[in-house]
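Q: Got a predicted structure plus its sequence, pasted below:
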Amino acid sequence: MDGLLEQKFKNPSVANWDETSKEGQLLQTIVDLLTSEPPPAVQVQNSVTCKNAPHKRS
């Protein structure tokens, strides 16, 4: 993998997605890993607290 990355940095070119090539096999492996990853176990809530924001009074 290091050799392939080094070659791509030295000689940038269009990606070869042919699965018979080393580059294509590596790209497909990366895709497989990313698409088979389970969803995160923890969900992040999108709440922001601001000290200077006016508070609602009930």
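A: Cool, got the structure.
Q: drop to CA atoms for contacts and neighbour counts, all remaining ones
A: OK.
Q: count of residues packed around Pro40?
A: By other C-alpha atoms under 10 Å, 7 other residues sit near Pro40.
Q: Quickly find the element holding it.
A: For Pro40, there is no host helix or strand (DSSP states H and E).
Q: cool, Pro12 as well?
A: Taking DSSP H and E as the definition, Pro12 sits outside all helices and strands.
Q: How about the contacts made by Pro40?
A: Not one residue lies near Pro40 by C-alpha atoms under 8 Å, 6 or more residues apart in numbering.
Q: tell me which element the residue nearest in space to the middle of the chain is part of?
A: With distances taken as C-alpha atoms, centre = their mean, Leu34 lies nearest the centre of the chain, 7.2 Å away. Element membership for Leu34 (DSSP H and E) is helix 22-35.
Q: Least confident secondary structure element in the protein?
A: Ranked by mean pLDDT, DSSP states H and E, the helix or strand of the chain with the weakest confidence is helix 2-10, at a mean of 86.
Q: Show me what that one is packed against.
A: For helix 2-10, there is no helix or strand it packs on, judged by 3 or more C-alpha pairs under 8 Å, 6 or more residues apart in numbering; DSSP states H and E.
Q: Can I get it in PDB, CA atoms only?
A: The C-alpha coordinates for helix 2-10 follow below in PDB (Å, rounded to 0.1, in the frame of the first residue of the first chain):
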ATOM      1  CA  ASP A   2       2.800   2.400   0.800                       C
ATOM      2  CA  GLY A   3       4.300   1.900  -2.600                       C
ATOM      3  CA  LEU A   4       1.000   2.600  -4.400                       C
ATOM      4  CA  LEU A   5       0.500   5.800  -2.400                       C
ATOM      5  CA  GLU A   6       4.000   6.900  -3.100                       C
ATOM      6  CA  GLN A   7       3.500   6.200  -6.800                       C
ATOM      7  CA  LYS A   8       0.300   8.300  -6.800                       C
ATOM      8  CA  PHE A   9       2.000  11.200  -5.100                       C
ATOM      9  CA  LYS A  10       4.900  11.200  -7.500                       C
END
